[in-house]
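> sequence plus the predicted model coming up.
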Amino acid sequence: MNLTTNNLAWPFLRQARTAPNRIALSIGGQPTTYGELATFSGRIASWLLRTGLDGRVVILAQRSPTAYAGILGSCLAGLPYVPIGLDLPLERQAEILRRGGVRMLVADRPVDPFLEEAGPLAILSPQGSAALEALPPLAQPRAVREGSVAYVMFTSGTTGKPKAVLVGFEGVRHFLTVQQDRFPIFPEDRVSQFYELNFDLSIFDIFMTLSAGATLHVVPEAERLAPGSFIRNEELTVW
């Protein structure tokens, strides 16, 4: 298998090239097309590679366009991503940065100076959006080799310090293959994005949907406990 097309973000990129005007994300009623998301994530991938650093990428964002573009951009660049729960205290977030082998950080909000001192060598936040727009999107996904780490999740730390769980690329790819066989998703589907990004089941939401050319509908925080009206209004086909 070609190592470039083995990249987890390749199926999404293929969908974006085939149908760039199809809606990829719906967040708060605001649509983002596959073409727009591919450009955004491709520019983030270019930024990550231009830093000259090789390591993990923290995603400090909460179910926003930047969050999904950051995840896809990390994958396109062949780098593992580390999502941080924004409900965690700053001290816990900083501990994850220090212990996560993090070199780069992608944020959808200004980054607290306390976190800046915790280890990231390069930070992409809203203040740098103008510089990002000047970059060309990465033309081709970076090769992913066997044994690579796809992402790192940290445990909650309720019984002590958070523990890093390294999830391998082959495991994610196998999971997605099995799930597509069992619960196939099609381009006309409208899929919920319910889980926080630092919870494993977000993998199903994001990669299953965007690999199939379907639309990911992000469930608002205010409707997570009682999502019935959201399901009806958005005409979801997959929950």
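Sure thing, it's come through.

> residue 126 against residue 108, yeah?
Yes: in this structure, residue 126 sits in contact with residue 108. The criterion is Cβ atoms under 8 Å, and the distance is 7.0 Å. For glycine as for every other residue, the C-beta is placed from the backbone atoms N, C-alpha and C.

> which one's more surrounded, those two?
Neighbour tally, residue 126 and residue 108, criterion other Cβ atoms under 10 Å: the higher count belongs to residue 108, 19 against 13.

> so what's that one up against?
With contacts defined as Cβ atoms under 8 Å, 6 or more residues apart in numbering, the neighbours of residue 108 are 60-62, 64-67, 70, 125-126.

> quick one: which of these is nearest to residue 98?
residue 60 (14.2 Å; Cβ to Cβ).

> how much space separates that closest one from residue 172?
Going from residue 60 to residue 172 by Cβ to Cβ, to the nearest Å gives 21 Å.

> more neighbours: which of those two?
Relative neighbour count places residue 60 above the other of residue 60 and residue 172, with 26 against 18, counting by other Cβ under 10 Å.

> let me see the contact set for the residue nearest to the more buried one when sequence neighbours are not counted.
Excluding its sequence neighbours, the residue lying closest to residue 60 (Cβ to Cβ, 6 or more residues apart in numbering) is residue 107, at 4.1 Å. Taking Cβ under 8 Å, 6+ apart as the contact definition, residue 107 lies against 60-61, 66, 123-126.

> and if we set it to 7 Å?
Residue 107 sits next to 60-61, 123-125 when contact means Cβ atoms under 7 Å, 6 or more residues apart in numbering.

> quick check: the farthest pair among those residues?
By the measure Cβ to Cβ, 61 and 123 form the most distant pair in these, at 12.5 Å.

> and those two? which has more neighbours close in?
Neighbours of residue 61 and residue 123, each counted by other Cβ under 10 Å, are more numerous for residue 61; the result is 23 against 17.

> quick check: the gap between the more buried one and residue 28.
Counting by Cβ to Cβ, the gap between residue 61 and residue 28 amounts to 15 Å.

> separation between the residue nearest to residue 60 and residue 194?
Counting by Cβ to Cβ, the gap between residue 107 and residue 194 amounts to 22 Å.

> what does whichever helix in the chain runs longest rub up against?
Secondary structure of the chain per DSSP state H: the longest helix is helix 34-50. Taking contacts as Cβ under 7 Å, 6+ apart, the residues outside helix 34-50 that touch it are 13, 15-16, 19-22, 24-25, 57, 65, 68-70, 72-74, 76-77, 79, 104, 106, 124, 132, 135-138.

> and if we set it to 6 Å?
Here helix 34-50 makes contact (Cβ atoms under 6 Å, 6 or more residues apart in numbering) with 13, 15-16, 20, 22, 24, 69-70, 72-73, 76-77, 104, 124, 132, 135, 137-138.

> what of stretch 61-77?
Contacting residues not belonging to stretch 61-77 are listed as 8-9, 32, 40-41, 44-45, 48-49, 57, 59, 81, 86, 106, 108, 138, 141-142, 197, 218 [Cβ under 6 Å, 6+ apart].

> same deal with stretch 125-142?
Contacting residues not belonging to stretch 125-142 are listed as 4, 7, 9-10, 39, 42-43, 45-47, 76-78, 107, 110-111 [Cβ under 6 Å, 6+ apart].

> taking the residues you listed together, which two end up most distant?
For the contacts of stretch 125-142, the farthest-apart pair by Cβ to Cβ is 4 and 110; their separation is 35.0 Å.
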